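Trainee: Everything below, folded, please.
(chains A and B)
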Amino acid sequence: QKEVEQNSGPLSVPEGAIASLNCTYSDRGSQSFFWYRQYSGKSPELIMFIYSNGDKEDGRFTAQLNKASQYVSLLIRDSQPSDSATYLCGGANYGQNFVFGPGTRLSVLP
Amino acid sequence: NAGVTQTPKFQVLKTGQSMTLQCAQDMNHNSMYWYRQDPGMGLRLIYYSASEGTTDKGEVPNGYNVSRLNKREFSLRLESAAPSQTSVYFCASSVGTAPYEQYFGPGTRLTVT
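Mentor: The predicted structure is shown next:
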């Protein structure tokens, strides 16, 4: 059974701080990883994807992938109240389907 | 550009009733997916269609059937609804199967009483 695990939270951080969201996966064959943000009552929207070991930055967001440790993370710098949402981590091997984690609920306190 | 659309947005069914959830995408994507989302469970794949003319089971297919009507449309049918099928259903599409990112529709909130 391929699994993706996340701490369900809630993770609370003050406005302006760095939020760190973590995800581990069981399938060593997983090649691609995605972070989706989901506001309450809304559909998931893609934030970032990462395929290679190391860091990938996009604005205030940085995704980090360590395939040896089967670990992927998302850092949100200068967190804003509008970042309060559930963050879903998903991983897949090429040609196969994504397995999503249960999501981490982030709360950014003004 | 509408992206992925789903109908209906909300539905209440009685146990044993049937219904079809509709999904359409206008992005010329090859692959389409149906997920259900329950509290604390994340997204679980019900069925997917890697390309027009093909469908395959996902993680939780029991009680559901699908039809890939054409490249744009992918429907999900509940033949005899059960309370355990109360959930939020999301349709998604992507250029192809992994590693391509998936784009989600707005969801259908289904309650079975």
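Trainee: Show me what from chain B comes close to chain A.
Mentor: Remark: the part of chain B in contact with chain A comprises B:33, B:40-45, B:48, B:58, B:90, B:97-99, B:101-107, using Cβ under 8 Å from any Cβ of the partner chain. Placement of C-beta: from N, CA and C, glycine included.
Trainee: Show me which positions of stretch A:39-47 end up buried.
Mentor: A:43-44, A:47 (16 or more other Cβ atoms under 10 Å in any protein chain shown).
Trainee: Next, the contact list for residue 71, please.
Mentor: As the question left the chain open, I've gone with chain A. Neighbour list for residue A:71: A:22-25, A:65 [criterion: Cβ atoms under 8 Å, 6 or more residues apart in numbering or on different chains].
Trainee: I was thinking of chain B, sorry if that wasn't clear
Mentor: Residue B:71 makes contact with B:28-30, B:52 under the criterion Cβ under 8 Å, 6+ apart.
Trainee: For beta bridges, what are the partners of residue A:66?
Mentor: residue A:71 (DSSP bridges).
Trainee: close enough to count as contact, it and residue A:55?
Mentor: No - counting by Cβ atoms under 8 Å, residue A:66 sits too far from residue A:55 to count as a contact (10.2 Å).
Trainee: Buried ones among the contacts of residue A:71?
Mentor: Buried subset of those (neighbour count, 16+ other Cβ under 10 Å): A:22-25, A:65.
Trainee: among those residues, which are within reach of chain B?
Mentor: Okay, of the buried ones among the contacts of residue A:71, nothing touches chain B (Cβ under 8 Å from any Cβ).
Trainee: ranges for the strands of chain B?
Mentor: Along chain B, counting by DSSP state E, strands occupy B:4-7, B:10-13, B:19-25, B:31-38, B:42-49, B:56-57, B:64-68, B:74-78, B:87-94, B:103-104, B:108-112.
Trainee: C-alpha coordinates for the third one, CSV please?
Mentor: Same thing as strand B:19-25. Only the C-alpha atoms of strand B:19-25 are listed here, as CSV (Å, rounded to 0.1, in the frame of the first residue of the first chain):
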residue,chain,number,x,y,z
MET,B,19,-27.5,9.4,-9.8
THR,B,20,-24.8,10.5,-12.2
LEU,B,21,-22.2,13.2,-11.5
GLN,B,22,-21.0,15.0,-14.6
CYS,B,23,-17.6,16.4,-15.3
ALA,B,24,-16.2,18.3,-18.3
GLN,B,25,-12.9,19.9,-19.1
